[in-house]
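K.L.:
model the structure of this input:
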Amino acid sequence: MPKTDKVSEVFPHNHDTTPISVGRVWLDHYARQRGGAICPCCDRTKKHTEFKLNSQLARLLILCYRCYRPGHIVNVKELLAAAQRDFIKGREWNKLGYWELLIPVDASGAPTTKPTDLGMLTDRGQQFVYNNLHVVKTVWVHDHAVASTSSTVVNIQKALGKRQDYNVLINEMYPFQEQAHA
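P.N.:
Numbers count the residues shown, from 1 in each chain. Okay, here's the model as predicted:
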C-alpha cells in the first residue's frame with residue numbers, strides 16, 4: 001500500500017487539496033504520539049520525542065554550578081567521574097540544552113547539536129539553580145530543535161522531586177573539592 005493511501009486513512013481531509021497550514025496543525029498534534037505520523041503534504045514520517053526535566057538532570061545542573069560558573073566549558077563525563085557520581089548515563093545531560101540551562105558545546109565553546117562530553121552552564125541555568133527561574137517541565141523535540149512545550153512549569157526543587165533535598169545538594173562537598181581545599 002503506498003504511503004499516500006495510508007495518509008488518506010488517518011488524515012481526515014483530502015491530502016491533495018488540503019492547505020499546508022491545516023496539514024501542519026494536524027501533524028504537530030499527531031507527531032507527539034508514539035510512532036509519529038506521516039505528513040499529509042510530503043509523505044514523510046514526523047515524530048516528536050518527549051523529554052522531561054527530571055531529578056537526574058537537575059542534580060547534574062547543581063553539580064556543574066558548584067564546580068563551574070556560567071561561560072566556562074565543563075567536561076561533564078570527567079566531572080561526574082571526579083565527583084564519584086553516576087546518576088547520568090552517557091550523554092543524557094545534552095538534553096539540558098533544550099531548556100538552555102547547560103548547552104552542549106564543541107572544543108572551541110561554540111554551541112553544537114551533536115552529542116558531546118563538553119557543556120557550558122548558561123546564566124539561565126545559574127538562575128534555575130538559584131531557584132529564581134521556572135522552566136517548562138516537558139519539551140517535544142524534532143530534528144534537534146524544540147517543536148513544542150508543555151504548559152506546566154517547574155522550579156529546581158520541583159524538578160528534584162521529593163527524594164532529593166535541594167539544601168543538601170547545593171551545599172554538598174565532593175571528594176575532589178576536599179582534596180583541593182586540603
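
K.L.:
pull the longest helix from this structure.
P.N.:
Assignment by DSSP state H gives helix 55-67 as the longest helix of the chain.

K.L.:
now do the buried residues in that one.
P.N.:
55-67 (16 or more other Cβ atoms under 10 Å). The way it works is simple: take the backbone N, C-alpha and C, and place the C-beta from them, glycine included.

K.L.:
quick one: which of these is nearest to Leu101?
P.N.:
Leu61 (5.8 Å; Cβ to Cβ).

K.L.:
so who does the closest one touch?
P.N.:
By Cβ atoms under 8 Å, 6 or more residues apart in numbering, the residues touching Leu61 are Leu96, Leu101, Leu102, Leu121, Gly125, Phe128, Val129, Ile156.

K.L.:
tell me how far it lies from Leu79.
P.N.:
According to Cβ to Cβ, to the nearest Å, Leu61 stands 12 Å off from Leu79.

K.L.:
kindly report the same for Gln164.
P.N.:
Separation of Gln164 from Leu79 (Cβ to Cβ): 18 Å.

K.L.:
Gly119 now?
P.N.:
To Leu79, Gly119 is 9 Å away according to Cβ to Cβ.

K.L.:
and Gln164 and Leu79? Which one has more around it.
P.N.:
Legend: neighbour count by other Cβ atoms under 10 Å for Gln164 and Leu79, higher for Leu79 (21 against 16).

K.L.:
so that one touches Ile62, yeah?
P.N.:
No. Leu79 is beyond contact range of Ile62, at 11.8 Å (criterion: Cβ atoms under 8 Å).
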